[in-house]
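Novice: could you work out the structure for the sequence below:
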Amino acid sequence: MGAAAVDGEPERTNQDAPNIVVVLSDEHAAAASGCYGHPVVQTPNLDRLAAEGTLYENAYCPSPMCVPSRLSMLSGRHVHDIGAWDNGVLPGAGFRSWGHHLRAAGYETVLAGRTHFNGPDRLLGFDRRLTDDLDFWITHDGRPPRRVPEWRRGSNSHVTEVGAAEHVHTRHDVNATDAAVEYLRGRARRPGDRPFLLYVGYMHPHFPLVAPPEFLAAYDPATVELPPTWDESVQAQHPVIAQVRRAFRNDEPPGPDLQREATACYWALISHLDHQVGRLLDEVDGSSLRDRTVVIYTSDHGEMAGHHGIWQKQVFYEPAVKVPLIVRTPGDLHEEPRRRRVTADVSLIDLLPTLRDLAGLSPEPSLPGRSLLSLPEGSRATRPVLSQYHAQGMVDGGFMLKLGRYKYCYYVHHPPQLFDVVNDPLERVDLAGDPDYAAAVGQLDAELRRVVDPETTDRRAKEDQRRRATGSADLTSPACSRDRGR
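Specialist: The predicted model follows:
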């Protein structure tokens, strides 16, 4: 590589830098995997990766919605810093992704499969693509969703469209694996080449819950145990949660038999995803790449899967915002096998500082995240972790701050929520109105406002969405503007 600059950083190649494979699924709740303790879901390959690497027990997404979470993760910046409000946002010229950053370290940066980028730029700073998103998932006009009380999803097909069959999502994922395996095979034959970052994105286990028959055969719907809150009454819920449920047609939950079938299909999609991860691991571990390749697995957000009567995401309950996160480095493979776990709260925005750390780049002070490599095993270091939502179903902005045992949910123009997720893991008891927790609410609200101004951010989001709805916006969002809305 020459001495050219990439976005202001001198381009250089560190021959000792590891290769990096990042696997990103869509809508995989952390709890729905064997290595996170699920007694039924079969994920032998993720379990193997966790047994050989480090599992982060409390990893959270930047937003419980696909595009905002992904753009925040790829830029290493909060949703409000880059204006990634909803699934219609088009990344603009100021957006800097993992690709931009690691090219500065001399990496070849490659994409395969699901990325959910919108617009004509299908690389966003990466060098090349092996396969792309499905066409019908790509938005080009930048139109925002309608954030009005009367908006409702056309149906609740996200839970009612279930069963055993072949599906275009399954074919997409297999094709992405095929392309990634071929790439890895070629790179193993060229050990002297510059290091690479390979991002492999999967559709599964995102709805529709149509699962490959051979994977669904492992799960009998009749034996599925529904979550204790599956039939929770919408009338008894927080008004914001009730509004989201109505918007996504979750206000009248399907019967228990259908929910059992939907759950079994969700688990089957996770097992199919796990099979694809296993194919990638086998290719890495069966070649010279094994001793010089970092493997990372995570998901863009979770899936409620019936908890609190909700399917999909769009809320701040644990099944929607807590994601699996596993990191295996070459050094892990030379230690005595043991389960390494970190309990500290971490965020997907921490991945960019981690990738920069692995690539030998110096820390970038403007990034709000931190390298995961700086957290020792068993670390309980406390740091506020932020998630936020500004899309359909939630008329006014919603913000979540997770700090240790407490989760604080702030809703513009509505009362907040407070949960103690240690004593109340199902998040059934809202403590926000309890006088004994007034100090905790005050502390967490102050912590939230140190990161983001909720009211100003809500106004910014709505104004940007109004401009985009009328076609008057210069659709360059999200361009980095770190000082706005703080």
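
Novice: quick one: low-confidence parts of the protein?
Specialist: Low-confidence segments of the chain, defined by pLDDT under 70: 1-15, 335-339, 376-381, 472-486.

Novice: the residue nearest to Leu258 when sequence neighbours are not counted - how many residues pack around it?
Specialist: By the measure of CB to CB, 6 or more residues apart in numbering, the closest residue to Leu258 outside its immediate chain neighbours is Thr160, 6.7 Å from it. For the C-beta atoms, the positions are set from N, CA and C on the backbone; glycine is no exception. The tally of other residues near Thr160 (other CB atoms under 10 Å) stands at 17.

Novice: for Thr160, give me its contacts.
Specialist: Shown in contact with Thr160 (CB atoms under 8 Å, 6 or more residues apart in numbering): Pro254, Leu258, Ala262.

Novice: quick one: buried ones out of the residues you listed?
Specialist: Burial by neighbour count, judged by 16 or more other CB atoms under 10 Å, picks out Pro254, Ala262 from these.

Novice: from the contacts of Thr160, pick the one nearest Gly113.
Specialist: Ala262 (24.4 Å; CB to CB).

Novice: if I look at the closest one, how far off is Phe207?
Specialist: 9 Å (CB to CB, to the nearest Å).

Novice: overlap in contacts, these two.
Specialist: Val159, Trp311.

Novice: coming back round to it: could I get the contacts of Thr160 as TSV with secondary structure?
Specialist: Putting those into TSV (DSSP: H, G, I helix; E, B strand; the rest coil) gives the following:
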residue	secondary structure
Pro254	coil
Leu258	helix
Ala262	helix
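
Novice: and the contacts of Thr160 as CSV, adding distance to Gly360?
Specialist: Below are the contacts of Thr160 laid out as CSV (distance: CB to CB, whole Å):
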residue, distance to Gly360
Pro254, 51
Leu258, 52
Ala262, 46
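
Novice: which one of the contacts of Thr160 is nearest to Lys407?
Specialist: Ala262 (26.1 Å).

Novice: contact partners for the closest one?
Specialist: Here Ala262 is in contact with Val159, Thr160, Val162, Leu209, Pro254, Ala305, Gly306, Trp311 (CB under 8 Å, 6+ apart).

Novice: is the third one in a bridge, and if so with what?
Specialist: As for beta bridges, Val162 partners with Leu209 under DSSP bridges.

Novice: how deep is it tucked in, by neighbour count?
Specialist: Residues within reach of Val162, counting by other CB under 10 Å, total 25.

Novice: same question for the first one.
Specialist: Other residues lying near Val159 total 28 when counted by other CB under 10 Å.

Novice: C-alpha coordinates for the strand or helix carrying it, PDB please?
Specialist: Following DSSP states H and E, one finds Val159 within helix 157-160. Below are the C-alpha coordinates for helix 157-160, written out as PDB (Å, rounded to 0.1, in the frame of the first residue of the first chain):
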ATOM      1  CA  SER A 157     -48.000 -11.000   9.500                       C
ATOM      2  CA  HIS A 158     -44.800 -10.700  11.500                       C
ATOM      3  CA  VAL A 159     -46.300 -13.400  13.800                       C
ATOM      4  CA  THR A 160     -49.100 -15.000  11.700                       C
END
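
Novice: how far away from the center of its chain is that helix?
Specialist: Relative to the chain's own centre, helix 157-160 is displaced by 21 Å; criterion: CA atoms, centre = their mean, to the nearest Å.

Novice: kindly report the same for stretch 291-308.
Specialist: Relative to the centre of its chain, stretch 291-308 is centred 7 Å away, using CA atoms, centre = their mean.

Novice: can you show me the strands along the stretch 301-450 of the chain?
Specialist: 322-323, 325-328, 340-347, 385-389, 398-403, 406-411, 417-420 (DSSP state E, counting those that start in this stretch).

Novice: of all those strands, which lies closest to Gly471?
Specialist: Using CB to CB, these put strand 385-389 closest to Gly471, at 24.5 Å.

Novice: in its sheet, what does that closest one sit against?
Specialist: strand 398-403 (antiparallel).

Novice: run through who's touching the strand or helix carrying Met73.
Specialist: Secondary structure from DSSP H and E places Met73 in helix 66-75. Helix 66-75 is touched from outside by 24, 26, 61-63, 78-79, 82, 84-89, 91, 95-98, 115-118, 124, 300-301, 348-349, 351-352, 388-391, 478, 480, with contacts defined as CB under 8 Å, 6+ apart.

Novice: so after it, what's the next helix or strand?
Specialist: helix 79-82.

Novice: next up, the contacts around Val40.
Specialist: Val40 neighbours (CB under 8 Å, 6+ apart): Tyr219, Val224, Trp267.

Novice: what's the local residue count around the first one?
Specialist: What it means is Tyr219. Considering only other CB under 10 Å, Tyr219 is surrounded by 23 other residues.

Novice: secondary structure element for Arg466, which one?
Specialist: According to DSSP H and E, Arg466 maps onto helix 454-470.

Novice: now do that helix against strand 398-403, angle only.
Specialist: Angle of helix 454-470 versus strand 398-403, following axes from the mean of the first three to the mean of the last three CA atoms, to 10 degrees, is 140 degrees.

Novice: now the contacts of Ala262 as JSON lines including distance to Asp357?
Specialist: Formatted as JSON lines, those follow (distance: CB to CB, whole Å):
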{"residue": "Val159", "distance to Asp357": "40"}
{"residue": "Thr160", "distance to Asp357": "45"}
{"residue": "Val162", "distance to Asp357": "42"}
{"residue": "Leu209", "distance to Asp357": "38"}
{"residue": "Pro254", "distance to Asp357": "45"}
{"residue": "Ala305", "distance to Asp357": "34"}
{"residue": "Gly306", "distance to Asp357": "38"}
{"residue": "Trp311", "distance to Asp357": "37"}
